[in-house]
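A.B. asks: Below is the structure, and that's it, no one-letter string:
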C-alpha cells in the first residue's frame, strides 16, 4: 500500500506554478507505514487547509516561521481521522477520532500526540469547523479584531478580503461586539451580496468596480476606526486615506502582495502621523494561551447562530492542492478554502 | 513705524520656492500698532522656530491642523519679548518678559494672554531653550520616545534625522532611560561625529554613504526594538527590514517625503506582520496635559548636563525665513533651526 505526498520542489518566481512535477510542487508516492511507533498516531488526511500565509512559507526570508525546505512535504494544516493509535497513546486517542494538525500535504501522516488536537465540536458543529471558524482562521479573526483592533461601540470597522475565511469572521465579530458599521471589501458582486445579506455586514464594496474608492468614501461617512487588513496594496492605501483619528489598522495579511516580486506598502503614509494611526502586525500563534477561551466564545456564537461560516471545498484529492492554492490568491473562494483529500463517507467505511 | 510680515502667497508645487515675492512667500510691510488693546500684548519677535511640519501646513489636505491660508502670515512659533502690556494684563506680564507663542512669521505680533507662554528657565537655561529642548521640539521627542516608543532596558533604539532638533533629544532620552544601544542616522560625517562624541550615541550612520544599509545592519546586531522616525522613505524601509519582534516604530515625521509630489511609504511592509511591528503616528499636541511634568524632567536633565542641546541660528532677519525653511529640508542644520529676527542685544536696548 502506498500514498501520495506533495513535495515543495522549486521556489516560486515570484508566482506559484501549479503544474504538478514541472512547477512549484511534485507528487511523490511513498509506502504506507506498516508499524506505527508506540508514541505516534497514523492519521488519514481528509481536508487540507489552504491559507494565504502559505506563499510566505515558501520564501526564505526572516519571518515568523522557518521556510519550507525544498524537497520537503509542503507544510499545511489538515483535519483527518486517526487510523492507528500507537500503544502508548491508547488512553488518550481512539481510531476514528477526528484530529487537526500540521500534517502537511500528504494523504497519511504519522504524528506525535502533541502535534495534533482532538476535535471537540459544539452543538451544530461539523469537523471542518475545527480548521476554519473554530480553528486558526477563526482565532486569527478573533485576536486580530479584539486584541489588536479593539472596536468600540459606535465605531466604523472595515475589513478587506471580507469574503475570505478570516475576513468574514472578523467582520461578524466586530458586529457582535457592537461596532456601529461594518463594511467589507471583496472581489465580486456575489461576495458582496453574501456579506450583506447572509452575514449582516452594513455595506460591502466590490473593489473591482471602477468607482470603488468613491463607494468606500460613501460607506464610511465617519471615517474608519478599525481596519482589519488581509490584502494590503491599494486597498490599504485607500483605507488609510479614510483613517479616523486614533484609528487602529490591524495588519493581518497582504494577499495582494505575496506573489509580487516587489511588494508595495502604503503610499498615503502621511495619514499615519496626521490621524495618529496605529498599524500593528500580529501572528495568531502569539495568543496560544488564550486559544481555549476564544474557541469557547466562537463556539457559543456559532451555536447561537450569531456567527456564520462558509467553506469552499475543492474536491478531487490531494493533487489538486497546488492549483487550489493559486486559486486562493485569485480569490475564487468565498469562505474557507479547503482541499478534500479523502471524502468523508468513504473514510468512515475505511478499515485498515 | 512699520514692521515686516512674511505672507504665504503661492502653494508649493511641490517644493517650496524661497524666492521672496515671486515664490511661495512675499514680504509685506505693515504699520506698527500704536495702541495695544487692554487684553493683548505687543510682542517683538526674536527667534522663529523652523520645523519640518511646516511643509504640511501648506497643503490643503485633511490633517491634524488646518492649512495656512493663502494671503495669511506664515504660521510658526517664535520666542520674543513683550514690548507693551495691555492694561488688563499688567498683573501677569511685564514689558521685557520673554514669551513663546504662535506669532507667525512677523517682526511684531499682538497676542492674547492665552496665545503665549511665559518663559521660565531652569539653571543654565537660555531663552531659546523654551522653543527647542524645553519647548515643542523637546516635548515631541519626549512623548514620542516615552509614550509611543517605550524603550526598555537592554533594547536597541534607532533614530532617523538624529542630528535634527527632535532626533537628538529623542536619542538622548532613550539613553537616559536605559536603552542598551542608541544608533542615529544623519546626513553627514560631521553630524555623525557630533552624535557619538558630543551626545553619547553608541553609533551614528551617514545615510549618504554608499554602504549605509550594511552599516545599519552592523550597528544593530540585535535588531531594532524602537525606531524613532523623522525621515520616512528609504530609511524607514531599511529599518523595517531590521525590525525586532514586537518592535515599536514611532512615526514622528517623514521629512524625506514632505516635498514629494508622490510620497512614498514603506515597501518592506511584510515585516510589520512577521515581526509583529507596531507603527504609530503621533502629534505632540495630544499630550498637552502632561507638558508641565515633561518640561520639568527635561529641564532637570538639562541642568544636570545629561541632556545637551544644539541650535542652528540663521542670522539676518525675517526675510531669510523662506530660504532657511528650504535649507531645513536639505538638512543643513545640526540641532534646532531658528531664524534670528531681531538680535537680542539690540532688543534689550530697544525702548518703544
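C.D. replies: Looks like it arrived, so ask away. Model, not experiment: these values are computed from the prediction.
A.B. asks: Only C-alpha atoms from now on, for both contacts and neighbour counts.
C.D. replies: Fine.
A.B. asks: Give me every residue in the stretch 51-200 of chain A lying close to chain B.
C.D. replies: A:63-64 (CA under 8 Å from any CA of the partner chain).
A.B. asks: Show me the helices in the stretch 51-200 of chain A, by range?
C.D. replies: In the stretch 51-200 of chain A, the helices defined using DSSP state H, counting those that start in this stretch lie at A:54-57, A:136-143, A:165-176, A:189-193.
A.B. asks: From the contact counts, what lies against the third one?
C.D. replies: What that stands for is helix A:165-176. Counting contacts by 3 or more CA pairs under 8 Å, 6 or more residues apart in numbering or on different chains; DSSP states H and E, helix A:165-176 is packed against helix A:136-143, strand A:156-159, strand A:181-186, strand A:336-340.
A.B. asks: would CSV of the helices of the stretch 51-200 of chain A with distance to residue A:5 be doable?
C.D. replies: Converted to CSV, the helices of the stretch 51-200 of chain A look like this (distance: least, CA to CA, whole Å):
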stretch, distance to residue A:5
helix A:54-57, 17
helix A:136-143, 23
helix A:165-176, 25
helix A:189-193, 33
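A.B. asks: just flag whichever of the ones you listed has the lowest average confidence.
C.D. replies: Lowest mean pLDDT within those: helix A:54-57, at a mean of 93.
A.B. asks: Tell me how far the nearest residue to residue A:267 once chain neighbours are set aside lies from residue A:183.
C.D. replies: In space, and not counting its chain neighbours, residue A:267 is closest to residue B:265: 4.3 Å by CA to CA, 6 or more residues apart in numbering or on different chains. Distance of residue B:265 to residue A:183, computed by CA to CA, to the nearest Å: 25 Å.
A.B. asks: who's more crowded, those two?
C.D. replies: Shown here are residue B:265 and residue A:183; by other CA atoms under 10 Å in any protein chain shown, residue A:183 has more neighbours (26 against 22).
A.B. asks: Residue A:199 is in contact with that one, correct?
C.D. replies: No. Here residue A:183 does not reach residue A:199: they are 11.2 Å apart, not a contact under CA atoms under 8 Å.
A.B. asks: And stretch A:12-24, how far out from the chain middle?
C.D. replies: In terms of CA atoms, centre = their mean, to the nearest Å, the centre of stretch A:12-24 is set 21 Å apart from its chain centre.
A.B. asks: List the buried residues for it?
C.D. replies: A:12, A:16-18, A:20-21, A:23-24 (16 or more other CA atoms under 10 Å in any protein chain shown).
A.B. asks: now, which of these sits nearest chain B?
C.D. replies: residue A:12 (17.3 Å; CA to the nearest CA).
A.B. asks: Tell me how chain A divides into domains.
C.D. replies: A:2-132+A:311-349, A:136-286 (automatic domain parsing).
A.B. asks: To residue B:131, which of the ones you listed lies closest?
C.D. replies: domain A:136-286 (21.7 Å; CA to CA).
A.B. asks: what's the span of the closest one, first residue to last?
C.D. replies: Across domain A:136-286, the terminal residues are separated by 12 Å (CA to CA).
A.B. asks: how about the residues of the stretch 201-350 of chain A near chain B?
C.D. replies: Taking CA under 8 Å from any CA as the contact definition, the stretch 201-350 of chain A meets chain B at A:251-254, A:263-283.
A.B. asks: Can you tell me which of these end up in strands?
C.D. replies: For those, membership in strands holds for A:251, A:278-281, with DSSP state E as the criterion.
A.B. asks: who's in contact with the closest residue to residue A:79 other than its chain neighbours?
C.D. replies: Spatial nearest neighbour of residue A:79, excluding adjacent residues (CA to CA, 6+ apart): residue A:100 at 4.4 Å. Going by CA atoms under 8 Å, 6 or more residues apart in numbering or on different chains, residue A:100 touches A:77-80, A:116-119, A:130-131.
A.B. asks: let's go with 6 Å and repeat that
C.D. replies: By CA atoms under 6 Å, 6 or more residues apart in numbering or on different chains, the contact set of residue A:100 is A:78-79, A:116-117.
A.B. asks: Can you tell me how far it is from chain B?
C.D. replies: Per CA to the nearest CA, to the nearest Å, residue A:100 is found 24 Å from chain B.
A.B. asks: Then residue A:191?
C.D. replies: For residue A:191, the distance to chain B - CA to the nearest CA - is 26 Å.
A.B. asks: Chain B: which of the contacts of residue A:100 is nearest?
C.D. replies: Of all those, chain B sits closest to residue A:78, with 22.6 Å by CA to the nearest CA.
A.B. asks: Setting the sequence-adjacent residues aside, check what's closest to the closest one.
C.D. replies: Leaving aside its chain neighbours, residue A:78 sits nearest to residue A:48 (4.3 Å; criterion: CA to CA, 6+ apart).
A.B. asks: tally of neighbours for that neighbour?
C.D. replies: Counted with other CA under 10 Å, the burial measure for residue A:48 works out to 32 neighbours.
A.B. asks: Residues in a beta bridge with it, which ones?
C.D. replies: Residue A:48 has these beta-bridge partners by DSSP bridges: residue A:78, residue A:339.
A.B. asks: Name all residues that make contact with it.
C.D. replies: By CA under 6 Å, 6+ apart, the contact list for residue A:48 reads A:78, A:338-339.
A.B. asks: how about low-confidence regions in the stretch 151-300 of chain A?
C.D. replies: In the predicted model of the stretch 151-300 of chain A, no residue satisfies pLDDT under 70.
A.B. asks: which residues does the residue nearest to residue A:79 form a beta bridge with?
C.D. replies: residue A:79, residue A:117.
A.B. asks: re earlier: now pLDDT too, for the contacts of residue A:100, in TSV please.
C.D. replies: Listed next are those as TSV, based on pLDDT from 0 to 100:
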residue	pLDDT
A:78	97
A:79	96
A:116	96
A:117	94
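A.B. asks: among those residues, which ones are buried?
C.D. replies: For these, buried by 16+ other CA under 10 Å: A:78-79, A:116.
A.B. asks: so the residue nearest to residue A:267 touches residue A:270, yeah?
C.D. replies: No. Look at residue B:265 against residue A:270 with CA atoms under 6 Å: they stay out of range, at 8.2 Å.
A.B. asks: How far off centre is stretch A:49-66?
C.D. replies: 12 Å.
A.B. asks: can you check stretch A:248-256 too?
C.D. replies: Put simply, stretch A:248-256 sits 13 Å off its chain's centre (CA atoms, centre = their mean).
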